[in-house]
Each structure stands twice: as C-alpha cells, then as structure tokens.
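>>> whatever this is, show me its structure:
(chains A and B)
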Number of protein chains: 2
Amino acid sequence: MNFSNLVSSKYFHLYSFTLKWLCIAAIAGGLAGSASALFLISLDGVTNFREENFWLYYLLPVIGLIIGLIYHYLGTTVEKGNNQIIDEIIQPQKVISWHMAPLVLLGTLLTHLGGGSAGREGTAVQMGAALADQLNKLFPFRAADRKILLICGISAGFASVFGTPLAGTVFALEVYIIGKMRYEALVPSLFAAVVADLVCDMWGAEHLQYSILSTSTISFKNLLLCILAGIIFAMAGWLFNKLIPFLKAYFNRIPYPPLRPFAGGIIILILLLSLNDFRLAGLGLPTIVESFTAVQPSHLFFLKILLTAITLSSGFKGGEVTPLFFIGATLGSALSLFLPLPTDLLAAMGFVAVFAAAANTPLACVFMGIELFGGEHALFIAIVCMTAYLFSGHSGIYTSQLIGTPKHLLWTAQKGKHLKDL
Amino acid sequence: MNFSNLVSSKYFHLYSFTLKWLCIAAIAGGLAGSASALFLISLDGVTNFREENFWLYYLLPVIGLIIGLIYHYLGTTVEKGNNQIIDEIIQPQKVISWHMAPLVLLGTLLTHLGGGSAGREGTAVQMGAALADQLNKLFPFRAADRKILLICGISAGFASVFGTPLAGTVFALEVYIIGKMRYEALVPSLFAAVVADLVCDMWGAEHLQYSILSTSTISFKNLLLCILAGIIFAMAGWLFNKLIPFLKAYFNRIPYPPLRPFAGGIIILILLLSLNDFRLAGLGLPTIVESFTAVQPSHLFFLKILLTAITLSSGFKGGEVTPLFFIGATLGSALSLFLPLPTDLLAAMGFVAVFAAAANTPLACVFMGIELFGGEHALFIAIVCMTAYLFSGHSGIYTSQLIGTPKHLLWTAQKGKHLKDL
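Below is the predicted model of the structure:
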C-alpha cells in the first residue's frame, strides 16, 4: 500500500513503455499516414482519370501483364502481401523488404487505372507494416517488440486509409489470430492509429462520410431480423472467401505468372463490357453511397464478388475491404425489400458485417461502424457483425490467420492451425 | 467450393449453436433483466426514502450488523460474490447457490438504506450469474457450456443494470482474465445482454442519461493530454484497488465477522457527520451528473475512494462500479481546472477510465462510453481507458482475475497467476 510505487520504481516500466511506443508510433504512424495520404490522393486522381478516359478499360489486360511482370521480376519477396505480414507476426523470420511499399502502391494504382475491382486496405496495411518494419534497421527490436511494431504498422495503415483510428487499433489486434485478442500491443496500436490518422488528415486526404438518417430501436423482432441479416451477410463473405482460392487454383495453371493477371484482365474486361455496368469497376464508392438512399438491385453484390475475386486471384493488386463494403452495402440495400428494416441501416450493417465475416475481425468492424455511422446504431451493427463473424466459419480472406479460439466446440481440432492448412 | 455446405451439414452446428444460445439467453437474460429491474426500482425507492429520513444514517452500524449476521449465518457459500463467479468460470467447481441472488439484493438495499457508499454492478452481476447458473439444474451443461452460461449471466446483469448491452457483452468476456479476450462466448454474451436490457426496460426501470455538449477534436496536443489524464485516472483506480484489501486486513482482525460491518458502519457514520457531506453516501448519482456541468472540488474523489473502500472492505454489499463512476467523474471534473479540455469531456472520460483501471476491462469501458455519451468522443474515451488500463498495473477490484497477458514484458513471470496471489 505504498503510493510512491505508482510514481516510481515498479511502475517506471510503464512510463518508459508508453514513452517508447509513443515515439515509435510517431515515426511509424507518420510514415503510414503519409503513405496513405499519398495513396488516397493518387487513387482519387487515377479513378477520375479512368472515368474521363473510357479507353483505359481496354488496357486492363496489358496493365495486368505489367503488374505481373513487375511482381515476377522485382517483387517475389513481397508478393504474399498481407499474409506475409501476418506470418511475420505469428512467427518472425526476417524484416519485410521496403520494396513492399512502393510495389503495392504502384500495383494498386495500376489496377485501378484499368478498372480492376479492388480495394485499399491491403495496400495501406502493407505500406504501413513494411515501412514500420524498416525501423529494425535503425534500432535493435527484440522479437516481442517487433511483433508490436508490425501490429502498429497494420493499425496505422488501416486507421489512416479509412479515417477510423479505433477500428484500426482493434483490427491490427484481431487480424492475425481468430477468436482471441491479446492486449500487449493495445496501447501502441492505438497511438500508431491516432498519429497516422492525424498525419493523413494533415496532408489533406479526405474520407467519405456516410450517414444513417433513419431511426430504429432494438426490439425482440429487430434482434431476430439482425441475426437473420447477419447470417445472410456471412454467406456473402463466405462465398468471397472461398471464391478467391478457387479461382486462384485455375489462374495458377498458367505456368508463366505475369500472364495470369493478363488473362484475368481479359475476363474482367469482357464481363464489364458485356454487363455494361462500370459501377463494378474500381472502388465503386458512388454505388456504396447510393446504397444508403436507393434500394440496389439484388444481383449487384454477386457480380461484385465475382469481379473482385477474379481481379485479386489473377494477380492484380489492392485490398479486399472496399469491395467487401460494396458487396455488403448493396446486399444490405437490396435486403430492405425483404426485411422490414430501413434501407440505410441495412446498407450500413452490410457494409461492416460482410467485412467482419471475411476478415474475422468482429470488434474492429463494430468500431468501424461506430466511427463511420455514429454511435446510435452501435447495437444493430454489433449484432450483425458478431453473427456474421460466427457464420463465416473457419474461412477468411487472410489465409495465414491462426485459429486461436475455434468458432464452434466441434471444430476444436482446428485450433492452432492456419486457415490455409484446413 | 460447395455452397450447399453453408446451409447444411458443416454449418448446421452454427445454426443449432445460435438457436440454443438464443433460447438460453432468452431465459438467462429474462431472469437477469427482471432482477435488475426489481433492483433498480427498489434501489430508487430506498435511496429516496433515506434522503427523506435523515435518521436512517444513524442506523448504518446496526444495518451493517444485520448484513453481517445474514451473511454469516445464511451466506457463507456465496459471500465471495463476483470473485466466486470468476473462479467458477476459470475453474468450474459447483453450481452457484441461488441464495446468492436474494442475499446480495437484500444486502445491497440495506447498505443503501443506511447510506453506505456502494454501487450496483456487483449486485446485478451476482444476481444474473447465480440465476443463470440455476439452469444447470434443469439441463445438463458441459463444463465448456457452463462457462459460457456464467458469462451470459454476467453480461445480462451488467447490461441491464446500466442500460449498456454492448459494454455488458464485452465486460463479461474481459472480466475473468486480464489482457486476453476469447470469442467463444461472444455471440451468446451479446444475446443475453440484449435480451436482459430489453426485459429490464419493459419493466419500466430507467437509466440516467449523460451528455457531452462540448465539441473537441483529436490533435497531437489532445492525444498527450488524454494520455496524461489516463495516467491520473489510473492512479485513482490503483489507489482504490489497493485500499480495499489493505482495509480488509484491518477489519478481519475483528474475530466475529458480523461485527466488521458494524465497525465499518460506525466509521462511515462518523466520517459522513464530521465531513457533513452526504453526497458521498449511497450511489451519488446527482453528483455524477453535476460533474458534467460544474467543476467539482478536487478532494471529493479521494473522500469517495475512502468511504467506498470502508463500506465494501468491512462487509457491506453492493458493487464497486457506480462509486468508480463517481470517483472518475468528479476527478475528471476537477482536472478541468488544470488540463485544457472541456469539463464535461473530462468528467465523461474519468467516469469510464477509473473503472477501466480498476476492473481491467478497457474495451468494455470504451463501449460503455460510447453507449452512455455517444460515439462522437469515442477516440477520447478510448485513449484514456486504454492508458488507464495499462497504468493500473497488475491490480484490480476482482482479485480472482487471472493474468492472461501481462501488461508489461518484465512482468511475464506473473502470467497465469490470480491477482490475489501476487
């Protein structure tokens, strides 16, 4: 009961821990936030340029070939992307090459230039983690500290690219292991996320705002409706999770890797032209925003799953998350024809819940829902995200994820395995 | 890649799991929500009655004696309270006696009748968990399922007594182990929390509303200020954590247990009369509300720590959490004289952060902050709660808590130990 303890000796470690990680977060967050800002601003430019120059779509196969060549000749050490970062957190092998950052940035911008269907989080997370990991060349990080450093990089990248620091903090803690969260990196991850988000804002990068104008309160009926919606969102996420490796196996039959995104580009181009629906290309942000106010056609989410799976499985670059937002928001919007809940609420719930199902990060998705749509609908968001997480089973977009706590007692034998080994 | 998987065989477990826990949550949540409503409504009555009948304060020692006699002769199997529930989750021994529910309800109401300084969460959690555990007498629960059942009871009690279902969901997952969260009970815990909160509302029990009217945005300066505030809130929580066992050791020198709360009652009565400050008695809700609008004197939080520690360590009943809200809100309010942040924001941050430091439940406290004060200040709340969690070190009000992930690498040797064994 010695109060001086708190300000001295025993608790001194906590002060030095906090100061140390505040400094590291300032550097890692500053780098990731700046990289995200550069990415967001260029991506905006690239997307506008494509929309003004329709002929760029015809270049998609060639762009695919270029990305394929770049990664084949310059990027073999970094081509595993997000999974490589997860592997390094679970079992540290060696510092991630800084090449990961410029390559994924270039690859993603090229993908979007030609109208490939991809997202942003993969790019931001890879830039954030690869840049943070370079600090190992300046200071000697112990293995346990390097793990926290990589988590900070993920957190900073995610937080800054979406403008959601709390979601970034928790995403980085949830993403490498399913069903278990450990808090040793909680405070460093938070610091990195806050700094990165602030720095990204300082560069003038902007994030879209969404809003739920309808008001709803939780009732027994709404609880059941949310569970039902969560199961449907989980199915969409599950389909996405399964379709990518399924298609990848086909593309991998092409022996020369650079030709895979070339072939993928041809298929995407044919699909876009025959469907004559260019909302499905690129990020698709206008459609996501529209889902909140106008009921979307119910096939749209399925086509987006297909196009994104082809884009990513054939070797184009970019993240999975913005397409997942698109899939969820349009599916939710379409569901409002069948479920007696407001369109904007269902679109918002789908937005985060399909992501929760695909990434196995339910709490990060709840925080993301709160940061993007406000706290009033937190409980609706939580019910669908947690249900969707449960119902996607042991599947996910990050196949290096470790199963920490199986989602069902009957699957206990899968504990400790990676998703890719199932 | 067989889509029928999702709706059949392999995923059938998930449907039955969901349906099973939805039914159990309906019962456990219904019981806990009703118990919380009964408790909240009676507590309101008892508090009003005390405030209208000043002479009741003089009965506090006698009331203490009555509580002591009741627990000594009828409650020896349930007197460990919250710690007993945590012990059963960590290492199941035997079903908790249903006596826990009426005894803690009666004990808490008597404590508040005489003006003891205590809270509500302990009572609600004990009623919720003890009632839920009685389901074991109707159905055979496997050990793993009984653990989830107890988590549901905690979640339902917490959610309904504060009107914060998300905080309840996460609190129940965070409370038995420090620095680690496992998701096997995530969805059941959520269901129980939602049902309990709905049922409690249906009975007409009301929860106080708080609001932050000021607007603030995160900046580098505010980040540092929040970290500083978090450290100060952690010190208050730490002092509370340490003072209770310290004083308990003194009270335990009285050989006949029923005399301990009698002695405690005399000390509290003398303190209340000599300080002539009856805001410190009972829950103190009006002072908590006032902290948001008027700067509170800086000694108030310390006196509340002292009075609550005497109340609970001598054997009165009730929770720790509402006093922690009082301590945090008044301390935060007082801090606004020294830190350039709005009074209402500092009061709100203290409200949840001292609780995070004392209970070691940072994410539950962030959700609580969002549910009580809205989502706009979520990041402020998160920074102080997570910092406060870190800086309370390995101390806490629930001494049965297991250390799952040590808060600092240098304390790795304490992993797997209970707080009480340190």
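
>>> which strands and helices sit next to the longest helix seen in chain A?
Identified as the longest helix of chain A according to DSSP state H is helix A:9-52. Secondary-structure packing of helix A:9-52 (3 or more CB pairs under 8 Å, 6 or more residues apart in numbering or on different chains; DSSP states H and E): helix A:100-113, helix A:121-133, helix A:143-162, helix A:186-202, helix B:378-391. C-beta coordinates here come from the backbone N, C-alpha and C atoms, glycine included.

>>> JSON lines for those helices, including distance to A:P92 and mean neighbour count?
Output for the helices and strands packed on helix A:9-52, formatted as JSON lines (distance: least, CB to CB, whole Å; neighbours: other CB atoms under 10 Å in any protein chain shown):
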{"stretch": "helix A:100-113", "distance to A:P92": "16", "mean neighbour count": "24"}
{"stretch": "helix A:121-133", "distance to A:P92": "10", "mean neighbour count": "29"}
{"stretch": "helix A:143-162", "distance to A:P92": "5", "mean neighbour count": "28"}
{"stretch": "helix A:186-202", "distance to A:P92": "16", "mean neighbour count": "28"}
{"stretch": "helix B:378-391", "distance to A:P92": "24", "mean neighbour count": "29"}
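
>>> need the ones you listed in a markdown table with mean pLDDT, can you?
Shown next, in a markdown table, are the helices and strands packed on helix A:9-52 (pLDDT from 0 to 100):
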| stretch | mean pLDDT |
| --- | --- |
| helix A:100-113 | 96 |
| helix A:121-133 | 95 |
| helix A:143-162 | 96 |
| helix A:186-202 | 97 |
| helix B:378-391 | 97 |
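
>>> for A:A35, find the nearest of these.
helix A:121-133 (4.2 Å; CB to CB).

>>> give me the nearest residue to the residue in the stretch 301-422 of chain A that chain B sits nearest to, chain neighbours excluded.
The minimum distance from the stretch 301-422 of chain A to chain B, using CB to the nearest CB, falls at A:G375 (2.5 Å). Distance criterion CB to CB, 6 or more residues apart in numbering or on different chains; nearest residue to A:G375, sequence neighbours excluded, is B:G375 at 2.5 Å.

>>> picking that back up, from the chain's centre, how far out does the longest helix of chain A sit?
16 Å (CA atoms, centre = their mean, to the nearest Å).

>>> helix B:378-391 and that helix, what's the angle between them?
Orientation check (axes from the mean of the first three to the mean of the last three CA atoms, to 10 degrees): helix A:9-52 against helix B:378-391 gives 150 degrees.

>>> name the element the closest residue to chain B within the stretch 201-350 of chain A belongs to?
Using CB to the nearest CB, the closest approach of the stretch 201-350 of chain A to chain B is made by A:F246 at 4.5 Å. Using DSSP states H and E, A:F246 falls within helix A:220-251.

>>> so which bits of that helix are buried?
Buried residues in helix A:220-251, defined by neighbour count with 16 or more other CB atoms under 10 Å in any protein chain shown: A:222-223, A:225-227, A:229-245, A:247, A:251.

>>> for that helix, name the packing helices and strands.
helix A:259-275, helix A:300-314, helix A:321-335, helix A:343-359, helix A:378-391, helix B:4-7, helix B:186-202.

>>> I'd like the distance from it to the chain centre, please.
Counting by CA atoms, centre = their mean, helix A:220-251 comes out at 16 Å from the chain centroid.

>>> circling back: A:G157 is nearest to which of the helices and strands packed on helix A:220-251?
Per CB to CB, nearest to A:G157 of these: helix A:321-335, 11.4 Å.

>>> how far does stretch A:89-104 stretch from start to finish?
Terminal residues of stretch A:89-104 lie 20 Å apart, using CA to CA, to the nearest Å.

>>> contacts for it next, please.
Stretch A:89-104 is contacted from outside by A:35, A:70-71, A:74-75, A:77-78, A:81, A:84-85, A:87-88, A:122-123, A:126-127, A:129-131, A:133-134, A:136-137, A:143, A:146-147, A:150-151, A:176-177, A:317, A:400, A:402, using CB atoms under 8 Å, 6 or more residues apart in numbering or on different chains.

>>> cool, thanks, signing off.
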